[in-house]
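Undergrad: Could you work out the structure for the sequence below:
(chains A and B)
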Amino acid sequence: MTTTAPDSDGATAEESAATGDADADDPLLRVRNLEKTFGGITAVDGATFDVERGTITGLIGPNGAGKSTTFDLVTGVQTPDSGQVVFDGTDITGWRPHRAANRGLVRTFQIARELDEMTVLENAMLAPRGQVGEKLWRAVLPGARSAVVRQEEQLREQAWETLEFLELDHLAEEYAGALSGGQRKLLELARVLMIEPEMILLDEPLAGVNPTLEEKLLDRLHALREDGYTFLLVEHDMDVIMNHCEPVIVLHQGEVLVEGSPEQVQNDDRVLEAYLGGEV
Amino acid sequence: MSARIDDGTAAVAEWFDGRSDAALLLVLAVGLYALFTGVSLVLGYDLGGIVNTLRRITFLSAIYAMLVLALNLQWGYTGLFNLGVAGFMAVGVYTMGMLSTAPTTNPPGLGLPLPIGILGGVLAAGLVGAVASLPALRLRGDYLAIVTLAFSEIVRLTYRSPVFETFSVAGLSLGTGGSTGMSLPTNPIRMLFYENPQAVTSPPSAFGEAVFGTFEALGVRAPVVEGMAYAIALLFVVAGVYVLLRRVGNSPFGRVLKAIREDETVAGALGKDTRLFKVKVFALGCGLMGLAAILWRIGGLASTEDFRPITTFYVFVALIIGGAGSNTGSVVGGAVFASLLFEGPNFVRRVVTQYVDIGIGQTPNTIFEAVGPLASLDVTPLLAYTISDVNVSALRLVLLGVVLIYLIQNRPEGLLGHRTETAASVDLSERPGGEDR
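TA: Alright, predicted model coming up:
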């Protein structure tokens, strides 16, 4: 299943050495030479980058640079033509999304995808990993169900706490379909937090969110980062990227153009040219 | 006029929303029984006839309720558009028949005990459901519907094929009976009443004698008593299926099913292996459809005619009436469909023939003969034509069409569609131990 590009052999060797003790200094996510074409269009063309633990890493680039496709390839929504994705020392290239999520790598969607006919609380309680009640026989058999109920009581409390943290608790019994755009973004964040992952890929989490809510959301992200979460953030709002992300990765035409601190990226002529459509 | 009807619908809907499920089902049962008792009295039936009428609607309502509950799991909860209901029903019935009919009958069976036959039929229907779901897993909506519809026709035509009329496997003779069908083992309720339940002419057991004696005195004959007992037993099976599916729905498992219905990609991104859930739902739902079909046909004849796509269509209509996504709605839909829409036209015919003097042999043969006399304001020929033996099943379809159009326009979520069925095994309506908000 794994397609390893020839020039990443070195990296693979390092990886297998490091797998034994995935140590805290290793990057949490390593992406190597990722490629994906759709018909004649190359959406991602050899993207290679790392995401360090405990960072909010920004991923920017002009429209069509391949940001969303990169997200899809990393989280398994689509399978790369070649390249490698290593998460926490495990090669997860081509894994289906649910496996990646259970390994601790989850994502949100560019356009918030709520489960409209489920309540906010049900949305939140859906997410956690390892729910015993997801086994059909446990849900049904009389003796086995008490364990399910016990776990559900815990999950319900955890869901309430998460909703409180994101200030969604007053909406807990509403249908998700009734939420506003910004509230949907928050709910999507609540859902992925309930999974208790190690890393969250956020695809434009602030699009359509009003400035007050945006500030609040960003504060939450920083609080979570301090708790040990790692974020990879796609965002079009340059102020957000420059003030909140470190480091910043610039994608252009499916490749990594620049990677560095916000200042470095801001002062790089190639980035300006990429955004203004000039030749690189 | 139409405004008044809309008000009426809204009032009924509001009334439905405000009631507990148990009270609702009780009221529905009492209402239907009262209605059909009334119709029987109008028709001049004696007590035996009344009980027989109630037996018929109880039996059909129970069977349809089971089928609708099973389909609700697949379509209402998980959003899987399974148009192969009739096919999975056929698998259940034919497998049970082949396992349990005696080797001496034509077509021959294996002669295994009935419980093994029923269990085998249910398992076979579930297994075939799981296998059928495998290629269908990548398909959604319309495409899944087309594949399952085609699959059910393949099943039906296979059972109908002369190749399988009788055949041998490892020295054992088996058969489906092809186009003539297969007579199935006798109804298990006979064990209560007869010494030798397999034989048609068996002396009643001591218990049977007592019961039959009591009812005979009231004018209710033995076959009717037996049939009513079976119909009541079926109500307990429906209750069992209802409880089972409620537990499935009110659990983390059911929560994932709802999520798959709403957005499968999201369910996958949240770490749920959606394919596994879909296979399980197909297996469980199709197994229950097999069970319902076995209980429907047992003691009678298995014929491929019963498993045409129209049967699937009926189950869908019943689910739409009750409201997809609601288990209680499924039972309500099944009962309302079976008694009013499916059996209703037959009773209308009987009442009309009783009170309108059509005259023997006066029923028009063509629509033109029927419509012609309208010019002289004579409606009897049209009425006679509409409710004739030949046309009453067509009338049923017309009625279904009208009901569907009305429901889609005025209450698309069905009678009980938008009731909250909590997708959790605990109460989500308040936060226990949480401070007041």
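
Undergrad: Skipping adjacent residues, who's closest to whatever residue of the stretch 1-150 of chain B ends up closest to chain A in space?
TA: Nearest to chain A in the stretch 1-150 of chain B, going by C-beta to the nearest C-beta, is residue B:79, at a distance of 10.2 Å. Where C-beta positions appear, they are placed from N, C-alpha and C, glycine not excepted. Once flanking residues are discounted, residue B:79 sits nearest to residue B:261: 3.3 Å by C-beta to C-beta, 6 or more residues apart in numbering or on different chains.

Undergrad: Let's verify that neighbour: helix, strand, or coil?
TA: helix (DSSP: H, G, I helix; E, B strand; the rest coil).

Undergrad: still on that earlier bit, right, and the residue of the stretch 1-150 of chain B closest to chain A touches residue B:267 too?
TA: No: at 10.8 Å, residue B:79 does not count as touching residue B:267 under the criterion of C-beta atoms under 8 Å.

Undergrad: quick one: common contacting residues for the two?
TA: Counting by C-beta atoms under 8 Å, 6 or more residues apart in numbering or on different chains, the shared contacts of residue B:79 and residue B:267 are residue B:260.

Undergrad: Show me which of the two is the more surrounded one.
TA: Counted by other C-beta atoms under 10 Å in any protein chain shown, residue B:79 and residue B:267 do not tie: residue B:267 has more neighbours, with 25 against 22.

Undergrad: So the more buried one versus residue B:260, what's the distance?
TA: Distance, residue B:267 to residue B:260, using C-beta to C-beta, to the nearest Å: 5 Å.

Undergrad: and for the two, which residues touch both?
TA: With C-beta under 8 Å, 6+ apart, residue B:267 and residue B:260 have common neighbours residue B:274.

Undergrad: What is the neighbour count of the residue nearest to residue B:79?
TA: Using other C-beta under 10 Å, residue B:261 is surrounded by 20 other residues.

Undergrad: Let me see the mean pLDDT of the strand or helix carrying residue B:225.
TA: Assessed by DSSP states H and E, residue B:225 sits inside helix B:222-249. Helix B:222-249 shows a mean pLDDT of 95.

Undergrad: Enumerate the positions of it that are buried.
TA: In terms of neighbour count (16 or more other C-beta atoms under 10 Å in any protein chain shown), helix B:222-249 has its buried residues at B:222, B:224-231, B:234, B:237-238, B:241-242, B:244-249.

Undergrad: With stretch A:153-171 instead?
TA: A:153, A:155-156, A:158-160, A:162-166, A:168-169, A:171.

Undergrad: can you check stretch B:388-406 too?
TA: Result for stretch B:388-406 [16+ other C-beta under 10 Å]: buried residues B:388, B:391, B:395-396, B:399-400, B:403.

Undergrad: In helices, which of those appear?
TA: Taking DSSP state H, the ones among the buried residues of stretch B:388-406 that sit in helices are B:395-396, B:399-400, B:403.

Undergrad: List just the nearest of the residues you listed to residue A:55.
TA: residue B:403 (60.5 Å; C-beta to C-beta).

Undergrad: Check the spacing between that closest one and residue B:81 real quick.
TA: With C-beta to C-beta as the criterion, residue B:403 and residue B:81 are 21 Å apart.

Undergrad: Check residue A:253 too.
TA: Residue A:253 is 41 Å from residue B:81, by C-beta to C-beta.

Undergrad: Looking at the two, which is more packed in?
TA: Taking residue A:253 and residue B:81 together and counting by other C-beta under 10 Å, residue B:81 has the greater number of neighbours (21 against 16).

Undergrad: part of a strand, is residue A:83?
TA: Yes: according to three-state DSSP, residue A:83 belongs to a strand.

Undergrad: Give the burial count for it, as a bare number.
TA: Counted with other C-beta under 10 Å, residue A:83 comes out at 23.

Undergrad: my guess is it meets residue A:37, correct?
TA: No: counting by C-beta under 8 Å, residue A:83 stays clear of residue A:37, with 12.0 Å between them.

Undergrad: Which parts of chain A are strands?
TA: A:29-38, A:41-51, A:56-60, A:82-87, A:90-91, A:105-107, A:199-203, A:230-234, A:248-252, A:255-260 (DSSP state E).

Undergrad: Now do the first one: which elements does it pack against?
TA: Under the contact definition 3 or more C-beta pairs under 8 Å, 6 or more residues apart in numbering or on different chains; DSSP states H and E, strand A:29-38 sits against helix A:9-19, strand A:41-51, helix A:67-75, strand A:82-87.

Undergrad: How far does that strand sit from its chain's centre?
TA: 16 Å (C-alpha atoms, centre = their mean, to the nearest Å).

Undergrad: can you check the longest one too?
TA: The gap between where strand A:41-51 is centred and where its chain is centred comes out at 16 Å by C-alpha atoms, centre = their mean.

Undergrad: Quick check: neighbours of that strand in the sheet, parallel or antiparallel?
TA: Here strand A:41-51 is paired, per DSSP bridges, with strand A:29-38 (antiparallel).

Undergrad: Strand A:248-252 and the strand it pairs with, what's the angle between them?
TA: Strand A:29-38 runs at 20 degrees relative to strand A:248-252, counting by axes from the mean of the first three to the mean of the last three C-alpha atoms, to 10 degrees.
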